[in-house]
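[1] Kindly return the folded structure for what I paste below:
(chains A, B and C)
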Amino acid sequence: MAEKVTMQEILSEEDPKKRNEKYNNYVDNVTPKHSWFVNLFWAFVIGGAICTLGQALINLYRYLGAGKEDAILYQIITLVALSVIFTGLNLYPKLAKAGGAGTVVPITGFANSVAATAIEFQQEGQVFGIGCKIFTIAGPVILYGIFSSWIVGFIYWIYTLYV
Amino acid sequence: MDYIKAFIIGGIICLLIQILMDQTKLLPGRIMVILICTGVVLSALGIYEPFSQWAGAGADVPLSGFGNSLFQGIKKAVDKDGFIGLFEGGFKSCAVGVSAALVFSYLASLVFQPKMKA
Amino acid sequence: MSEQSKMAGRQSVIFQNPPCILGRSSVAGQKEGNGPLGSFFDYIEEDPYFGADTWEEAESNMQRKAAELALKNADCKPQDIRYLVAGDLLGQLIATSFGIMELKIPMFGIYGACSTMGEAMSLASMLVDGGFANRVLALTSSHFCGAEKQFRFPLQYGNQRPLAATWTVTGSGAVVIGKKPDNSEGSVLIKGVTTGKIVDFGVKDSMNMGACMAPAAADVIYRNLRDFDRSPSYYDKIITGDLGYIGQNILFDILKEKGYDISEQHMDCGIEIFNDETQDTHSGGSGCGCSAITLTGYILEKMYQKEWNRVLFVPTGALLSPVSFNEGDSVPGIAHAVILETEG
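    I've put the predicted structure just below:
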């Protein structure tokens, strides 16, 4: 936690950089925060619940005769579809308000970010609206997912050449 | 048993990320990128895959699991096709999740209008 | 009449023939209508789209409605208005351009972020007192959905709003400012203005705009008191635009340090317009519309009823854009003070 800074110290500071630093510390101190415990609790419960739902779906698809890999894929499709519907019905934001990271971390958060932009930017047209902006939030995830796995994969490829 | 495991493991990952979000004020977009890259790295270090085998959906549903499957996909493709596998594996392994998100979201844009936040 | 005599102190203007507020209007969204000031607004629209297909068009419709109502209230036609001074929050002021095009009034488009109402009224008053116009229409608007889409996230995106965050007001306020009529008994005059500087204390958190803008508000209020050599008690109310709870406390702190205690007189439109407990708006309301409809709906009403006779109206603005935010810039603030006094 930042040390307590008084307004006098801030206003009498001549160096603008130091003044800004002190002001930021001061602002941190006077800004209320969400209850730490409540936030963590709901992130845990809602995030845990979404994962449990995922597990239930996997078990269901396995019970229906899917192989292990396929069951996971069907599960992903189902979770994504549910998240998109919840987004369209304006329910996902309500869940996220309490859930915080609990709704960002699961794959449903990724799906929400795609669906929310698609719905919002339809007003700006099919190509430049939905087409371009659908990746506004999810694009970085795909880019850095592909890029980081490529880099690590490249190292792995070199390793395979010598082993 | 696997439900309890999924709940607790998934819940803990979300809880840790909530701490990160509250402490750093990072926006969700950055959080998602951090998660997926962490998943890729942990997977390459040989940690995430065994963890996911044990924890089930608790490890797969979070985006870090998405990162894990990205690297596992690349690894499989490199083992099979060598260098060219580097350019195949990633998209193959995330194909289902990304396609589902794109297709369903597009359909949703035909059905739903943006609404005022309640 | 020497030109110099209209200048007061370093940043202020004192009008020789104080312009008068001839007409006013406030158009608000449903959430604002449900708030504590709901009964003061002229027109409350249930449909967040205001009958349009897009948020931008919705804001334009809202602005047109506000302009029409203000003209009606002032009992004049578009051709009676010499100039229009207006702006909004959307990129390149599209809500304004498309909203008031049909009025066919010569216009100055301005951007002052959420301080736009203060800026518009300052310029309009100068035009009138300077003899460049008999009547000027000053208006502005903001729409929660359009602002959210442009500055934050798509509406259906799930995110947690921090407690320091404010809620953009859906509303449009307009005033007709003109030469004082012969019988000005009971009307509200604009006696002077203090134009604010851009003040930047290096806060980068766009979800804490009160903290970004409080130094600018403090600066312009301090300047106003110094330029006119007044104490805060001269005013019945000193009313800031959208500092919210956090910004209000910072404002008190800064001014106390500079030797002024305004906690007696101070009111913030952002705090008044919503009920945080029941409406879950966190630090308060914000946006151009916030100070605009609070002024035209509530503050002027209080003045006409002589509850308040001297008001310093200080809309506050945060000068950020999505680009400056992405590029890691801080959020500078600005504020403009307008001195309102009742006549007779």
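[2] contacts and neighbour counts: CA atoms only from here.
    Fine.
[3] In contact with residue 117, which residues are there?
    In the absence of a named chain, this looks at chain A. Counting by C-alpha atoms under 8 Å, 6 or more residues apart in numbering or on different chains, residue A:117 touches A:130, A:133, A:134, A:135, A:136, A:137, C:154, C:156, C:157.
[4] Chain C was what I was after
    C:138, C:139, C:140, C:288, C:291, C:292, C:315.
[5] That one: which element?
    helix C:116-129 (DSSP states H and E).
[6] How about the helix or strand just after that helix and chain B, touching?
    Next in sequence after helix C:116-129, counting helices and strands by DSSP H and E, comes strand C:135-142. No. Applying C-alpha under 8 Å from any C-alpha of the partner chain, one finds strand C:135-142 out of contact with chain B, separated by at least 14.1 Å.
[7] List phi and psi for the residue nearest to residue C:6 when sequence neighbours are not counted.
    Spatial nearest neighbour of residue C:6, chain neighbours left out: residue C:14 (5.1 Å); criterion: C-alpha to C-alpha, 6 or more residues apart in numbering or on different chains. Main-chain dihedrals, residue C:14, degrees, to the nearest 10: phi -120, psi 130.
[8] quick one: contacts for residue C:96?
    Going by C-alpha under 8 Å, 6+ apart, residue C:96 touches C:60, C:63, C:86, C:87, C:88, C:109, C:140.
[9] So it versus chain A, what's the distance?
    19 Å (C-alpha to the nearest C-alpha, to the nearest Å).
[10] Residue ranges in the chain under the pLDDT threshold?
    I'll assume chain A. Along chain A, the model assigns pLDDT under 70 to residues A:1-3.
[11] was after chain C, sorry
    Scanning chain C for pLDDT under 70 picks out C:1-4.
[12] ok, now how distant is residue C:239 from residue C:227?
    Residue C:239 sits 18 Å away from residue C:227, taking C-alpha to C-alpha, to the nearest Å as the criterion.
[13] Tell me which of these two has more neighbours.
    residue C:239 (25 against 18; other C-alpha atoms under 10 Å in any protein chain shown).
[14] can you tell me the helix or strand for that one?
    Counting by DSSP H and E, residue C:239 is found in strand C:237-240.
[15] show me what contacts the most centrally placed residue in chain A?
    By C-alpha atoms, centre = their mean, chain A has its centre lying nearest to residue A:104, at 3.3 Å. Shown in contact with residue A:104 (C-alpha under 8 Å, 6+ apart): A:96, A:110, B:28, B:32, C:158.
[16] change it to 7 Å
    Contacts for residue A:104 (C-alpha atoms under 7 Å, 6 or more residues apart in numbering or on different chains) come out as residue B:28.
[17] domain ranges for chain A?
    For chain A, automatic domain parsing gives the domain ranges A:1-32, A:37-134.
[18] Distance from the longest one to the middle of the chain?
    Pointing back at domain A:37-134 there. 10 Å (C-alpha atoms, centre = their mean, to the nearest Å).
[19] Quick check on residue 28: phi, psi?
    Going with chain A. With angles defined as degrees, to the nearest 10, residue A:28 sits at phi -60, psi -40.
[20] Correction: the question concerned chain C.
    phi -130, psi 160.
[21] Give me the nearest residue to it, chain neighbours excluded.
    In space, residue C:28 is closest to residue C:171, 4.1 Å off (C-alpha to C-alpha, 6+ apart).
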